[in-house]
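Undergrad: Kindly return the folded structure for what I paste below:
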Amino acid sequence: MQIFPTLTSYGAAKTVTGSKHLITTVTGEHILMDCGLFQGEGKESDVLNRDWGFDPKSIDFVILSHAHIDHTGLLPKLVRDGFSGPIYCNGATKDLCEIMLMDGAHIQESDLKRVNQHRNRKGIPPLEALYGKEDVSNCLSQFTLVQDNKEFKIGQSTYVKLIPNAHILGSSAIHLSLINLDGERITLTFTGDIGRDSDQILDGPFAFPPSDYIISESTYGNRLHPGAEDAKEAFFNMIQDVCVEKNGKIIVPAFSIDRTQEIVYLLDQLAFEKRLPSIPVYVDSPLSVKATHIMSKHRELYNPEILEYITKDGDPFDFPNLHYVSTVEESRAINEINSAAIIISASGMAEAGRVKHHIANNIENQNNAILLVGYATPFSLAGQLIQGKEEVRIFGDFYNVNAKIYRMSNFSAHADYQEMIDYLTLNDPSTVKKVFLVHGEESVMDEFAEKLKNAGFDRVQKLERGVSIDLK
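TA: Sure thing, here's the model as predicted:
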């Protein structure tokens, strides 16, 4: 029997995706915080997603910070490979996981079909899907709902509390109280992905209880975002330039959860102010359509500003000329339009889904624009566009990047370094034994670590994949 609890990271260690952080208690119980899919790492993603680094059968409990696929996308495989315990999360996260995991199975199925056709031509054995729809159904049956801000006990001596943090609908920091052999309580908080107090829809982020250890994300640990109030005017000016002056299209790769709804809400405000030109706006993603319905269902998580707006406007996700597109036929028809339009489609990194088709059909036209509104890994299509590549490969073919590329981080659901520091220093830095950094590129982590030390956190460490640390 070990003397101290241990922490071992198996994902999002010196990288941005694949979040998995394992706590082993002194009584030998294994608690996995998040079970995310590696994304946007090129050919390495598939290798990483097939290698757990631990035995899934040994996991006793899973706790989810939020529903994004890089935090939940391997849950069905975990269950298929032998995990049989409860998966704890709040109601909004479960609602989103129900649609996102099934969508993930569908995307895998279609993507793998193309990959295996290519492998077959080269005489390479086919790949097996990480999981299927039946695995998703089995996984969802193990979800156990808990309330935010209400402590609950798991196992022999671990207490858990979820604290909303405004990253996406249902997102939370995970606070653990772990008892060691001496009966001493050791506290640890995993921030999950930290949201912004300027979020246009969600309330929070809220302070978490005092913690001996903090596992903190660091995605934007070297960057400051523009003020959120600038987003509406910047988007309005872009619409004037591209849609009104050039009669072009704006393609917006956007994550289905929160990002899409924030953009629609912004356009709704322009429509309410009678400043939005009379052009069609398409939300072309079945997942985004479903997610918007779920967002409407959980108004208890909204901030006071949008609740006040609803009293004046009604539905913040509906305005004239807005079209929610679900069928493949409707999606294809959008590409036949040769006049001004705004197309919002998943995925945010432009790595999968219908947005790749829209980009392929519009990227070579100089009258069009592609608006990138969130984080993208360097290997992803969106990441290549951010880097200013003059030519990109989509579905095996090369395209010249003639469309104008815009980037707006106003919409980011991740806090910047100052917002993260403000959030973390709601705890007294002098009482925190160590801050562990995850969910960031290594060079960014190094910069953020220095900023944290300047803010009073004396001990900051980057987690290494598969390396265990005693929580003394």
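
Undergrad: Please make it C-alpha for all contacts and neighbour counts, starting now.
TA: Noted.

Undergrad: ranges for the helices of the stretch 1-150 of the chain?
TA: Using DSSP state H, counting those that start in this stretch, the helices of the stretch 1-150 of the chain run over 44-50, 69-72, 75-80, 91-121, 133-140.

Undergrad: what mean pLDDT would you report for the longest one?
TA: Put plainly, it is helix 91-121. Here helix 91-121 scores 86 as its mean pLDDT.

Undergrad: So which elements touch that helix?
TA: helix 69-72, helix 133-140, strand 143-145, helix 286-297 (3 or more Cα pairs under 8 Å, 6 or more residues apart in numbering; DSSP states H and E).

Undergrad: and the angle from the second one to helix 91-121?
TA: For helix 133-140 and helix 91-121, the angle between their directions (axes from the mean of the first three to the mean of the last three Cα atoms, to 10 degrees) works out to 150 degrees.

Undergrad: could I get helix 133-140 in CSV with only the CA atoms?
TA: Taking Å, rounded to 0.1, in the frame of the first residue of the first chain, the C-alpha atoms of helix 133-140 are listed here in CSV:
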residue,chain,number,x,y,z
LYS,A,133,-22.0,3.4,-32.0
GLU,A,134,-22.7,0.4,-29.8
ASP,A,135,-19.7,1.3,-27.6
VAL,A,136,-21.1,4.9,-27.3
SER,A,137,-24.4,3.5,-26.1
ASN,A,138,-22.7,1.2,-23.6
CYS,A,139,-20.6,4.1,-22.4
LEU,A,140,-23.5,6.5,-21.9
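
Undergrad: what does it rub up against?
TA: Residues from elsewhere that reach helix 133-140 (Cα atoms under 8 Å, 6 or more residues apart in numbering): 75, 76, 77, 79, 80, 98, 101, 102, 105, 106.

Undergrad: any idea which of those is closest to residue 435?
TA: residue 75 (26.6 Å; Cα to Cα).

Undergrad: Quick check: phi and psi on the nearest residue to that closest one once chain neighbours are set aside?
TA: Nearest non-adjacent residue to residue 75, counting by Cα to Cα, 6 or more residues apart in numbering: residue 35, 5.7 Å away. As for residue 35, its main-chain torsions (degrees, to the nearest 10) stand at phi -150, psi 70.

Undergrad: any idea of the pLDDT on residue 35?
TA: Looking at residue 35, the pLDDT reads 98.

Undergrad: Just give me the neighbour total for it.
TA: Applying other Cα atoms under 10 Å, we find 28 residues neighbouring residue 35.

Undergrad: Stretch 219-235: end-to-end distance?
TA: Start-to-end span of stretch 219-235 (Cα to Cα, to the nearest Å) is 24 Å.

Undergrad: From the chain's centroid, how far away is it?
TA: Chain-centre distance of stretch 219-235: 17 Å, with Cα atoms, centre = their mean, to the nearest Å.

Undergrad: Mind checking the pLDDT average for that stretch?
TA: The average of the pLDDT scores along stretch 219-235 is 86.

Undergrad: now do stretch 351-371
TA: 94.

Undergrad: so which of the helices and strands packed on helix 91-121 is the most packed in?
TA: helix 69-72 (a mean of 24; mean count of other Cα atoms under 10 Å).

Undergrad: Can you say which helix or strand has residue 182 in it?
TA: Using DSSP states H and E, residue 182 falls within no helix or strand.

Undergrad: Give me the pLDDT value at it.
TA: For residue 182, the pLDDT comes out at 80.

Undergrad: again, but for the one 3 residues further on
TA: According to the predicted model, the pLDDT of residue 185 comes to 92.

Undergrad: same question, residue 445
TA: With respect to pLDDT, residue 445 has a value of 98.

Undergrad: Please tell me how far residue 300 sits from residue 67.
TA: Counting by Cα to Cα - residue 300 and residue 67 are separated by 18 Å.

Undergrad: ok, those two, which is more surrounded?
TA: residue 67 (27 against 11).

Undergrad: Pull the number of nearby residues for residue 333.
TA: Neighbour number of residue 333 under other Cα under 10 Å is 9.

Undergrad: Same question for the one 10 residues further on.
TA: By other Cα under 10 Å, 23 other residues sit near residue 343.

Undergrad: Sheet partners, orientation included, of the host helix or strand of it?
TA: Using DSSP H and E, residue 343 falls within strand 341-345. If you go by DSSP bridges, strand 341-345 pairs up with strand 249-253 (parallel), strand 281-284 (parallel).

Undergrad: Tell me which stretches of the stretch 101-250 of the chain form strands.
TA: 143-145, 152-154, 158-164, 172-179, 185-190, 213-217, 249-253 (DSSP state E, counting those that start in this stretch).

Undergrad: and of those, who's closest to residue 445?
TA: Smallest distance to residue 445 across these (Cα to Cα): 9.1 Å, for strand 213-217.

Undergrad: any low-confidence regions in the protein?
TA: 1, 40-42, 227-229 (pLDDT under 70).

Undergrad: Tell me how it divides into domains.
TA: Listed by automatic domain parsing, the domain ranges of the chain are 6-223+413-470, 230-411.

Undergrad: Pick the most buried one from those.
TA: Of all the domains of the chain, domain 6-223+413-470 has the most neighbours on average by mean count of other Cα under 10 Å, namely a mean of 20.

Undergrad: got a list of what residue 444 touches?
TA: The neighbours of residue 444, taking Cα under 8 Å, 6+ apart as the test, are 218, 219, 220, 221, 222.

Undergrad: change it to 10 Å
TA: By Cα atoms under 10 Å, 6 or more residues apart in numbering, the contact set of residue 444 is 14, 218, 219, 220, 221, 222, 223.

Undergrad: helix, strand or coil for it?
TA: Secondary structure, DSSP: H, G, I helix; E, B strand; the rest coil: residue 444 is helix.

Undergrad: Do I have it right that residue 464 meets residue 439?
TA: No - if you go by Cα atoms under 10 Å, residue 464 and residue 439 don't touch, sitting 11.5 Å apart.

Undergrad: which neighbours do these two share?
TA: Contact criterion Cα under 10 Å, 6+ apart; residues shared by residue 464 and residue 439: 11, 12, 13, 14, 15.

Undergrad: would you list these in JSON lines and tack on distance to residue 164?
TA: As requested, these are exported to JSON lines (distance: Cα to Cα, whole Å):
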{"residue": "11", "distance to residue 164": "22"}
{"residue": "12", "distance to residue 164": "21"}
{"residue": "13", "distance to residue 164": "23"}
{"residue": "14", "distance to residue 164": "25"}
{"residue": "15", "distance to residue 164": "24"}
